[in-house]
Structure formats: structure tokens, C-alpha cells
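*Asks:* Kindly return the folded structure for what I paste below:
(one chain, ligands or ions: 1)
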Amino acid sequence: DTPFAILGTGSFAPERVMTNADLADLVETSDEWIITRTGIRERHIASEGEMTSDLAAKAAQAALDDAGLSIEQIDLIIVATVTGDMPMPATACIVQAKLGARPEAACFDVQAACSGFIYALDTAWAMLQSGRYRHAIVIGAEKFSSVLDWSDRSTCVLFGDAAGAVVIGPQPAGSTAEIRGAKLYSEGGNTNLLCIPGGGSNHPTPAAGDPPRHVQMRGREVFKFAVREMKDAARDILEQHGVSPDEVNCVIPHQANLRIIDAIAQYLELPVDRFFVNLDRYGNTSAASIPLALDEARRVGRIKPGDLTLFVAFGAGLTYGSALVRW
Ligand code: ACO
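*Replies:* Numbers count the residues shown, from 1 in each chain. Sure, this is the predicted structure:
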């Protein structure tokens with residue numbers, strides 16, 4: 001059986017950059033507070049007419065170009081997002097139209113918040129392994145600025161907009177590239193720690209007194225959960241595949257907070273420079289964060305053929321997961 005591999009990566013971020021100093025004009029905060037608590041210096045923010053599907057389609061096209069495939073070869077498109085263009089249809093269908101994919105391509109969204117990309121990757125990989133699909137585009141894309149309360153300093157400083165994508169398909173001849181494994185987890189007892197409480201079927205028609213339609217978060221509790229569960233998810237998958245942490249050339253963690261990444265590096269007893277970090281320039285882009293960082297890591301030469309990469313994420317749900325990829 002030919003294994004499946006990541007054949008190409010791509011990413012896209014909106015042009016507009018919002019710095020910590022810009023945020024200090026909106027809410028009572030400072031560059032110093034944001035940098036020391038999170039590591040974030042600036043983030044990209046989409047313009048009004050720029051939709052999640054626009055970011056997603058640009059990242060996907062870049063990934064296709066990188067893989068050297070044409071859109072006609074794609075028979076599956078999965079978009080991981082919590083900020084789709086509309087509640088219905090799936091943003092993946094809008095992306096399909098923007099890319100000009102064939103009608104035989106299956107297109108749907110996956111919602112697992114910041115873990116969404118790993119969920120979508122595992123879903124696509126399983127569908128490819130079934131033998132019924134051959135080439136998939138897996139996208140993480142968010143216009144997270146659209147669900148932020150811009151008067152709440154405890155959340156609005158943390159997030160940004162972007163998209164990242166990978167193309168997966170059969171391992172090319174002579175290559176060692178391979179998706180080695182993935183593992184997904186959810187703890188539904190903790191939905192209230194991080195959520196967008198309004199806007200769903202509980203409150204279909206906006207009315208006075210409804211819960212807000214923006215992100216609410218109990219930051220300290222989420223922080224502790226993130227460290228504990230990302231560390232376990234990383235350990236589990238390495239153990240399952242008989243890999244010692246030291247054999248991992250590059251870890252691409254969900255980019256939420258530098259202090260969370262430092263803590264995981266300590267637990268895994270890995271030098272922190274083994275972790276690729278770009279949250280200083282993008283903030284937390286939710287489902288886009290891992291494929292966005294992955295694409296940059298490849299472009300700057302941090303991932304080479306034969307390398308082993310570990311993805312690890314957590315997000316609302318609460319969800320978490322990990323994946324191991326050979327290049
Ligand atoms: N600027 C200045 N002060 C602030 C800001 C701000 N932007 N935000 C909060 N503060 C204040 C608080 O009001 C509080 O003041 P008080 O002591 O007078 O009450 C003080 O700073 C400390 O607040 P804490 O919340 O205790 O600060 P903490 O050190 O925990 O850092 C943070 C907050 C950065 C949010 C941290 O808890 C964190 O990173 N948590 C994880 C969040 C995360 O990663 N979320 C992404 C989830 S992924 C997804 O699925 C969307």
C-alpha cells in the first residue's frame with residue numbers, strides 16, 4: 001500500500017497589519033503587557049469585503065502550486081474553520097467554486113476550533129486511506145476578527161486572520177514523505193471555558209438579552225488545560241509510534257501563546273528552538289495557525305526531506321490532538 005503524504009503547503013494573510021500599539025488605541029492595554037503575557041507583537045486583520053473563503057482559496061492555490069498539481073486532480077476539499085463565510089453552505093463549497101474544482105470533489109467544513117486543522121487532516125487522511133479519494137486539499141482558515149469583541153482587552157489582543165493549506169496524496173516515487181499518525185481528543189464537559197455563546201440555534205433571531213456572538217474565554221483555565229493536554233497529546237503519539245522526542249526535527253504547535261509553547265518544550269525536555277513559532281507576527285489564527293506556521297517553516301528551510309515533524313493543538317470544545325509527519 002502506498003502511504004499518503006503532504007505534497008505541498010501554502011498560506012495567506014491579509015495585507016493589513018495591526019500592531020500592539022494600534023490595539024492600545026482601542027482598549028486599555030500596552031505593547032509590553034501583550035508581549036510579556038503572550039509573545040504577540042502584531043496580527044493581520046482582513047478587510048470588510050475579504051472573507052474566510054478568500055483567504056482559504058489563496059492558501060489552497062499556493063499549496064496546489066507547491067505540490068505541482070492542478071485543481072482537476074483534487075477530489076476532496078475540507079476547510080477547518082469557526083468563522084465560515086455563512087452558517088450555510090460550507091465554506092469548502094465556496095472555496096471549491098473559487099478554485100474551479102470539479103463537481104465530483106467532496107467539499108465540507110470541519111469545526112474543532114483551534115484543533116480544526118489536525119481534525120481535518122486526520123479526516124482527509126482516513127478518506128484517502130479508504131481508497132475512494134486520491135488527492136485532498138486540507139485548509140485551516142479564519143477571519144477571527146469577525147467574532148471578537150473589540151472592547152474586551154482580555155480576548156481582542158490575542159487573535160488574527162489568516163489561512164494555511166496542505167495538499168495530500170499518494171507518496172511520490174523515491175520519497176520518504178508520509179503522514180505517520182494522528183490522534184484526536186475532545187472533552188465536551190468544558191464547553192463554557194471558551195465559546196461563542198450566541199448566534200446558534202438556541203437564539204436563532206437576535207433579541208435583547210441574548211448571549212453575545214463573540215468569543216468569550218476563561219483565559220487562565222484554558223492556559224492550564226492547553227499545557228496539560230498538548231503535552232499529553234504529544235507524548236501519546238510519540239509513544240504510539242516508538243519515536244523519542246529527540247527524533248522530532250521540528251514541532252509545529254498551535255500558535256496561541258509563547259508561554260504555553262515554552263511550558264510544553266520543558267515537559268518534553270526539548271530545546272524551545274525545536275518549536276517553530278510565528279505567533280509574534282500573526283497572533284492566534286485558530287484553525288489556520290498550524291498550516292500557516294508549517295508553510296513558513298518549510299519556506300525558511302526549517303523542514304527538510306526526511307525530517308520528522310510533530311503537530312500539536314488545542315482549542316474550544318475543548319478539543320486537542322496531534323499528528324506526526326515525515327517529509
Ligand atoms: N492588557 C492589559 N491588561 C490585561 C489585558 C490586556 N490586553 N488582558 C487582561 N488584562 C489584565 C486582567 O484584567 C487582569 O487584571 P486584574 O489582575 O486587575 O484582574 C490581569 O491583566 C491578569 O489577567 P490574567 O487573565 O490573569 O492574565 P494571564 O497571565 O492569565 O494572561 C492570557 C492572560 C494571555 C489570556 C492567558 O491566560 C492565556 O494565554 N490563556 C490561554 C488563552 C488561549 O490560548 N486561548 C486560545 C484558545 S484557542 C481557541 O480555540 C480559540
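
*Asks:* would I168 count as being in a strand?
*Replies:* Yes. Counting by DSSP: H, G, I helix; E, B strand; the rest coil, I168 falls inside a strand.

*Asks:* gap between the closest residue to it other than its chain neighbours and K98?
*Replies:* Nearest in space to I168, with sequence neighbours left out and distances taken as C-beta to C-beta, 6 or more residues apart in numbering, is A136 at 5.2 Å. Heads up, the C-betas are built off the backbone N, CA and C, glycines and all. Distance, A136 to K98, using C-beta to C-beta, to the nearest Å: 17 Å.

*Asks:* Looking at these two, which has the bigger crowd around it?
*Replies:* Counted by other C-beta atoms under 10 Å, A136 and K98 do not tie: A136 has more neighbours, with 26 against 16.

*Asks:* so which helix or strand takes in V27?
*Replies:* Using DSSP states H and E, V27 falls within no helix or strand.

*Asks:* How about the contacts made by the residue lying closest to it once chain neighbours are set aside?
*Replies:* Sequence neighbours aside, R153 is the residue nearest to V27 in space, at 4.0 Å (criterion: C-beta to C-beta, 6+ apart). When the contact criterion is C-beta atoms under 8 Å, 6 or more residues apart in numbering, the partners of R153 are 23, 27-29.

*Asks:* again, but for A24
*Replies:* By C-beta under 8 Å, 6+ apart, the contact set of A24 is 30-31.

*Asks:* for Q61, same thing?
*Replies:* Q61 touches 10, 99, counting by C-beta under 8 Å, 6+ apart.

*Asks:* A141 versus that one, what's the distance?
*Replies:* For Q61 relative to A141 (C-beta to C-beta), the value is 13 Å.

*Asks:* Near the ligand, list only the ones from the contacts of R153.
*Replies:* T29 (C-beta under 6 Å from any ligand atom).

*Asks:* Reduced to three states, what does the nearest residue to I139 once chain neighbours are set aside come out as?
*Replies:* Once flanking residues are discounted, I139 sits nearest to A165: 4.3 Å by C-beta to C-beta, 6+ apart. Here A165 takes the strand state, with states given by three-state DSSP.
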